[in-house]
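Asker: any chance you can model this:
(2 chains)
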Amino acid sequence: MESVDLSMTSAIKRAEKQKISDQRAAALRLKNNRLGMNIFQLSWIMAFVALIVVNWQLRFNYSQWPPAGVPPFDLFLPSAATLALLCSSVMVAQALKALRSGFAAAFLVKWRLAIGLGTLFMAIIVYEFLNVSDAAMATQYGNTFRLMTGFHFVHALAILAILCRVYQGARLGKYAGAEQDSWAVEGAAKLWHFVSFAWMLFYAVLYWIR
Amino acid sequence: MATIAVPLGGQEARQEIETVRRPALSEYLRWSVDHKIIGVQYGVTALLFFIVGGALAMGIRLELWTPELDLMVSGAAYNSLFTMHGTIMIFLFIIPMWAAYGNFVVPLQLGAKDMAFPWLNAFAFWLIPPAGVVMLLGYFVSPAEAGWTSYPPLSTLFSGDGQTLWALGAHLLGLSSILGSINFIVTILNMRPPEMTIWRMPLLCWAVLATSIIAVMATPFLAGALTLLLLDRMTGTTFFDAAGGGDVLLWQNIFWFYSHPAVYIMVLPGMGVLSEVLAIHSRKPVFGYRMVGLSSMAIAIVGFTVWAHHMFTSLQPELRIPFMITTMIIAVPTGIKMFSWLGTIWGGKIRFTSAMLFALGFMSMFVIGGITGVMLAALPFDIHVHDTYFVVSHFHFVLFGGSVFAIYAALYHWFPKITGRMMDETLGRIHFVFTYFGFLITFFPMHIVGMLGMPRRVAVYDPAFTDFNRLISFAAFVLGFSTFIVLYNIVRSYFHGPIAGANPWRALTLEWATTSPPPPTNFHEDPIPYEDPYGYGTEAATAYIEAIDMAFDRRDPASAGAD
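Answerer: All right, here's what the predicted structure looks like:
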């Protein structure tokens, strides 16, 4: 009898030990994911910085910027797109907050809104990309514009696809509120913030810094 | 007396030790997320490319045996030969080779079960073989002939479709490097045991951390530059074409902003290896541990401010002096390391193992490469020897005398851990003698022909340099031959080498506190690191090493040397 009791207690102890080590592993995974994401953001923003350097260095080949005879880009639509993207980023953050507080329905609404605003941003950018004047395309003013918006678009598209995938998963109830159960949502949100941040840099360089 | 921390022990551990076997060879040909398998995959892939790149180098030296064209049909064919040699050695040999050691050793040194992102790790490796194949295919279609630096307009107007494939391959390799480096940084920062503060971390981990920081911050610039090159080549943009408002210097700026730090990506891990090998094989603590760790970081940071010294002849004159000064400053942290290595072995109980010989070889060669580096940083001298063999000699002293010697030292040092068998020390010493003298006689005379004015990257040269070139080529063939000694040694030792045991070098770092090769989970329980990774020469250290011996090997304590 006694030995049975002992083996039972040791089994319980072992199960508890296992539970603690599982929790620790999950916590470490989350910590790793977060640090990895931060490093990725720091790293990959340098690719965007490289293109800013390209834009900046090519300006020295012209006496003025935009070059003589090239009308500057219209500001209205791109600014609207930028606003849409910023709102989208805020929506993503709000949605994550809602999920963490346990409001799954509110999460879905806000996430959907974020995807919608993101799509609007991209539609406007595609329109702008396709409508660069011939005069601009004859110079680096148009060339670098297409380079930078195109490069950004590829990233926005890929990450928007991730947002959609997360939405799909969320509708099936895959993500619980706890931090460790919703890394996919948090990661997607962080990537989307990255898209917004990169665009803010490009927006300033392409439209404002002359 | 300090407490004797023992990594692990007891009956369970012992039972597991009995069952540890080397992974089957087929394991290495498959997708695997085990960092030890991935490390070997990186290493073997890099070694294969080393052989290819070495064969191309032999081709270069054969062509230069006479001052006329003989082996090659044209200057363009020679151009593509050295282009592929440089590209393969840099992107497909040295950088992946450090990823190999980093992958195998770093998690073990940290007492971790695996890297932070095992899947990503495997993905980063599997980008390399296709990238290498794409690059090599380019050689057979219409090869790139713009050198490994691919300056436009050579790479836009004159090179064939191979240049496009070259750029695609380099893109993939850059991606692999970024992903691998993110993994290293997270692993090193997050997965140390609680007892191991960052100031008790082995110096290889410091070096890999610094290398990875450089790689994640600089490699995106390469991606940017390659994107522009691909667009110019394939879609008719004019970023590098002055006729369309572009600028050829744009490439030089963006490319060197990556590629100068990449030089430190190639040599910093070697410096980490050196600190390990010198301390362990001379049984002394590393001299100035903190300064060595911090100097790696200093090199990483200052490395970002020196890129335009590659452009002294094309840069705006007023920018030359600042870059000359930063370039000279970066010699300071490197000098700190050199000083630390000398201080480490000074008065130590040196064992002239093959690993130690190559580490000492590194020190003697790298100091020459470092001094010629400072010479080249001096603007008036650089303009004189710009694009001559002096430059070729300088970077081979850094990358062969530095990186490759360290790769060999690391091979002899960690081969027992990786395979469970010792390498043949006699063959190792023969290999060292051939490599050392082959290398020295190949590359030292290049300083002289360079200063006499022989330009680099030419197949046809002034017949006055024939004697020098014959000497260089002969020594280069000896150097090429020496590679076969180590290849034979690897194969022979893998099958027939003496059993290594857990800790053949009687080291204190954690990778030696498990079986050789380690079990799939690395350690049976969470290991406890010794309080100082290089605290050799104390009774506590001896006790810790003996505890490892007792736990893993039933070795007769009398046969193990005293410390």
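
Asker: C-alpha coordinates for stretch B:535-546, PDB please?
Answerer: C-alpha atoms of stretch B:535-546 as PDB (Å, rounded to 0.1, in the frame of the first residue of the first chain):
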ATOM      1  CA  GLY B 535      39.300  30.000 -15.100                       C
ATOM      2  CA  TYR B 536      42.100  27.500 -15.700                       C
ATOM      3  CA  GLY B 537      44.800  26.800 -13.200                       C
ATOM      4  CA  THR B 538      42.700  26.700 -10.000                       C
ATOM      5  CA  GLU B 539      41.900  23.700  -7.800                       C
ATOM      6  CA  ALA B 540      38.200  24.300  -8.400                       C
ATOM      7  CA  ALA B 541      38.600  24.300 -12.100                       C
ATOM      8  CA  THR B 542      40.500  21.000 -11.900                       C
ATOM      9  CA  ALA B 543      37.800  19.600  -9.800                       C
ATOM     10  CA  TYR B 544      35.100  20.700 -12.300                       C
ATOM     11  CA  ILE B 545      37.000  19.100 -15.100                       C
ATOM     12  CA  GLU B 546      37.500  15.900 -13.200                       C
END
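
Asker: ok, the residue in the stretch 451-563 of chain B positioned nearest to chain A - contacts?
Answerer: Of the stretch 451-563 of chain B, the residue with the smallest distance to chain A, taken as C-beta to the nearest C-beta, is B:Asp526 at 9.8 Å. Where C-beta positions appear, they are placed from N, C-alpha and C, glycine not excepted. B:Asp526 makes contact with B:111, B:193, according to C-beta atoms under 8 Å, 6 or more residues apart in numbering or on different chains.

Asker: which SS class is it?
Answerer: coil (DSSP: H, G, I helix; E, B strand; the rest coil).

Asker: one more: the one 3 residues further on?
Answerer: Taking three-state DSSP as the rule, one finds B:Pro529 in the coil state.

Asker: isn't it up against B:Met201?
Answerer: No - B:Pro529 is beyond contact range of B:Met201, at 9.2 Å (criterion: C-beta atoms under 8 Å).

Asker: phi, psi of the closest residue to chain A within the stretch 51-200 of chain B?
Answerer: When distances are taken as C-beta to the nearest C-beta, the stretch 51-200 of chain B approaches chain A most closely through B:Ala116, which lies 4.3 Å from it. Geometry field for B:Ala116 lists phi and psi as phi -70, psi -40, criterion degrees, to the nearest 10.

Asker: surely it touches A:Gly36?
Answerer: Yes - applying C-beta under 8 Å, one finds B:Ala116 in contact with A:Gly36, separated by 6.7 Å.

Asker: which neighbours do those two have in common?
Answerer: Common contact partners of B:Ala116 and A:Gly36 (C-beta under 8 Å, 6+ apart): B:183, B:186.

Asker: the more surrounded of B:Pro529 and B:Met201?
Answerer: In terms of neighbours (other C-beta atoms under 10 Å in any protein chain shown), B:Pro529 is the more surrounded of B:Pro529 and B:Met201; the figures are 24 against 21.

Asker: what pLDDT does that one get?
Answerer: As summarised for this prediction, B:Pro529 has a pLDDT of 91.

Asker: give me the three-state assignment for the residue nearest to it when sequence neighbours are not counted.
Answerer: Distances taken as C-beta to C-beta, 6 or more residues apart in numbering or on different chains place B:Met196 nearest to B:Pro529, at 4.9 Å, with adjacent residues excluded. The local conformation at B:Met196, judged by three-state DSSP, is coil.

Asker: B:Met196 contacts B:Gln109, correct?
Answerer: No - with contact taken as C-beta under 8 Å, B:Met196 and B:Gln109 are classed as non-touching, separated by 9.1 Å.

Asker: can you name the element that comes right after the helix or strand containing A:Ala84?
Answerer: Under the criterion of DSSP states H and E, A:Ala84 resides in helix A:76-100. Past helix A:76-100, further along toward the C-terminus, the next helix or strand under DSSP H and E is helix A:104-130.

Asker: and the residue of the stretch 451-563 of chain B closest to chain A, how close does it get to A:Gln168?
Answerer: Plainly put, B:Asp526 is 39 Å away from A:Gln168 if you go by C-beta to C-beta, to the nearest Å.

Asker: quick revisit: list the residues that contact the residue of the stretch 51-200 of chain B closest to chain A.
Answerer: With contacts taken as C-beta under 8 Å, 6+ apart, B:Ala116 has the following neighbours: A:32, A:36, B:183, B:186-187, B:190-191.

Asker: who has more neighbours, B:Met196 and B:Gln109?
Answerer: Neighbour tally, B:Met196 and B:Gln109, criterion other C-beta under 10 Å: the higher count belongs to B:Gln109, 25 against 22.
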